[in-house]
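1. sequence plus predicted model, see below.
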Amino acid sequence: MTLRVYNSLTKKKEEFVPVEPGKVKMYVCGVTPYNHPHIGNARPFVTWDVIRRYLEHKDYAVRHIQNFTDVDDKIINAANAEGVTWDIIADRYIKAYFEVMDKLNIRRAHLYPTVSGHMAEIIAMIEKLIADGYAYVVDGDVYYSVEKFADYGKLSGRSLDDMKAGARVDVDERKSHPMDFALWKSAKPGEPSWESPWGPGRPGWHIECSAMSAKYLGHGFDFHGGGSDLVFPHHENEIAQSEAFAGGGPFVRYWLHNGFITVNEEKMSKSLGNFFLVKDILAHYPPEVLRFFILSTHYRSPLNFSDEQLAEAGRGLDRLRAAVDNMKYLAGTTVARGGSDASQALLAAAARARADFDAAMDDDFNTALAISVLHGLAKEINIYYSAVMAGKVPVAGEAIASVQAAYYELADILGLLVAERMGGSPDVVGAAPVQDTTAPALLDLIVEIRQEARAKKDWATADRIRDRLGELGYVIEDSPQGARWKKREV
RNA sequence: GGCGGCAUAGCCAAGUGGUAAGGCAGAGGUCUGCAAAACCUCUAUUCCCCAGUUCGAGUCUGGGUGCCGCCUCCA
């Protein structure tokens, strides 16, 4: 099966062909660390984490680079407001970034290059752009001359004339074209600065990604992504810089952009002030619920956030988790063993789910459809579970193990159900298992006693035990095969 | 003003021109001592509206309407 991806540059779905067979090089625009990440920030990283997981599932060796823009006005402003240096702010929020993204089970990129760590590369790139006539120096600032780059506007689909006409900002008279953008900004008093051939200053916003992607991935790498608000001007400018620098294109083969998270149908952003911090959401919901919520919509579509939607996502995720519980229970149960037509049907369902899942993901990473495949398999598992619990079919241990493996494997591509597989806590996806052997033993004992009460038709005692355990967060389920307890889902 | 995107049930949401996935919520049923869980059935004669192309359109074309985004920092 071939992977097809929607390329923002061509505005079409295209078959994915890597530059080098078997390898994928991807660069994802990271955050400017000046505040705690909000959930709008979380979407691209969950999305790219799944993209990477799926590519690795397809046996590609993935090289994943994601930057931190640690030299920036917003950081400088935050630092001045607090009376600390810029690096204190950047370090603090880089830590904050990792703290929540780790909880969301986002695998770390192979490298997180920073602007401050790549001044030499950035300056060298600017020097060449000047030497080649694509940039000019004015009073210690360096600007990129958009008119020198014939393809300017090809990503965002706009022409220089359109932009000149629609310019809403006061034009700096020193620029030769209103859309020319800064490659290097001369230092103003009190700002952090670095030495350069044009005097002390700091890089413009866009040049870092051109310089760092070139260093770590080379020219013409496979995937470049980020939020769709980065299409213009950020990515447009990156193309202009990198293709001018390299003397040709393409800078990037496939551009992928995720849609926004909205609140009341409006874009969630720090500047609008309508954002929810990830850490605050995680105080009320398990991280996996947020992750599931994000993946329940195709990455290019807008995703409206609300408490109700998140709760609904949680209930949908519970269904997937319940199927895991049922499989685990069957695997550990003592009911009669042996194969059956039902177990054959279950194995067939698992094989079908694998194929359907891949087909969904091959179609531009359709996670919403992939989740529905998982729901379909969950249903098959539950049908089998019901049949076993009703005493209609024996348990086929090998079938269960095989289906469980398939289920976990698919869930893992989405980065879900990690706690179920690892036996960890749902509070931190992927956390170390909590080994508490006493509580299960006690619960087994209590359930056993309750079964004796039930055998004597002492319903009052049986119900009291069930009610009291319910208050403690444990659910009792009776069946012809006996009673089982489980911890109530969050 | 320029450029782009989206409109599918009560809610979320997928959908390759061939007769509307999945989830949540809701109703009924099976099972159960009662529950719970699970399962079964039902819940869009129809995909914003109007034309057109086609044997056939949620899917293509044109025109409306509404919403959103980018054009300024933004994932």
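-> That came through fine. Remember, predicted model here, so these are calculated numbers, not experimental data. Residues are numbered from 1 along each chain as shown, chains lettered A, B, ... in the order given.

2. give me the neighbour count for the closest residue to residue A:184 other than its chain neighbours.
-> With sequence-adjacent residues excluded and distances taken as CB to CB, 6 or more residues apart in numbering, residue A:184 is closest to residue A:142, at 3.9 Å. For the C-beta atoms, the positions are set from N, CA and C on the backbone; glycine is no exception. Neighbour count for residue A:142, taken as other CB atoms under 10 Å: 25.

3. what does residue A:78 give?
-> 21.

4. likewise for residue A:306?
-> 12.

5. could you find the closest non-adjacent residue to it?
-> Per CB to CB, 6+ apart, closest to residue A:306 is residue A:263, 7.4 Å.

6. pop the domain breakdown of chain A in here.
-> What the record gives for chain A is the domain set A:4-283, A:307-422, A:438-487, from automatic domain parsing.

7. just send the ones you listed back as TSV, with mean pLDDT too.
-> Listed next are the domains of chain A as TSV, based on pLDDT from 0 to 100:
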stretch	mean pLDDT
domain A:4-283	92
domain A:307-422	92
domain A:438-487	89
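
8. next SSE downstream of the helix or strand hosting residue A:56?
-> Using DSSP states H and E, the element containing residue A:56 is helix A:39-57. Following helix A:39-57 in sequence order, the next helix or strand is strand A:61-66 (DSSP H and E).

9. how about the helix or strand following that following strand: buried residues?
-> Counting by DSSP H and E, the element after strand A:61-66 in chain order, helix or strand, is helix A:73-82. The neighbour-count check on helix A:73-82 (16 or more other CB atoms under 10 Å) flags A:75, A:76, A:78, A:79 as buried.

10. so which of these reach RNA strand B?
-> Filtering the buried residues of helix A:73-82 for proximity to RNA strand B by CB under 7 Å from any atom of the strand leaves nothing.

11. and these, which is closest to residue A:254?
-> Among those, residue A:75 lies closest to residue A:254 (CB to CB), at 30.4 Å.

12. right, and the closest one touches residue A:89 too?
-> Yes. Under the criterion of CB atoms under 8 Å, residue A:75 makes contact with residue A:89 at 5.2 Å.

13. any common contacting residues for these two?
-> A:33, A:34 (CB atoms under 8 Å, 6 or more residues apart in numbering).

14. what are the contacting residues of stretch A:75-89?
-> By CB under 8 Å, 6+ apart, the residues outside stretch A:75-89 that reach it are A:32, A:33, A:34, A:35, A:70, A:71, A:90, A:116, A:190, A:191, A:192.

15. and the fourth one, helix, strand or coil?
-> Local secondary structure at residue A:35 is given as coil here, using DSSP: H, G, I helix; E, B strand; the rest coil.

16. could you do the first one as well?
-> Following three-state DSSP, we place residue A:32 in the coil state.

17. list the contacts for the nearest residue to it once chain neighbours are set aside?
-> Spatial nearest neighbour of residue A:32, excluding adjacent residues (CB to CB, 6+ apart): residue A:69 at 4.2 Å. By CB under 8 Å, 6+ apart, the contact list for residue A:69 reads A:30, A:31, A:32, A:33, A:114, A:115, A:205, A:208.
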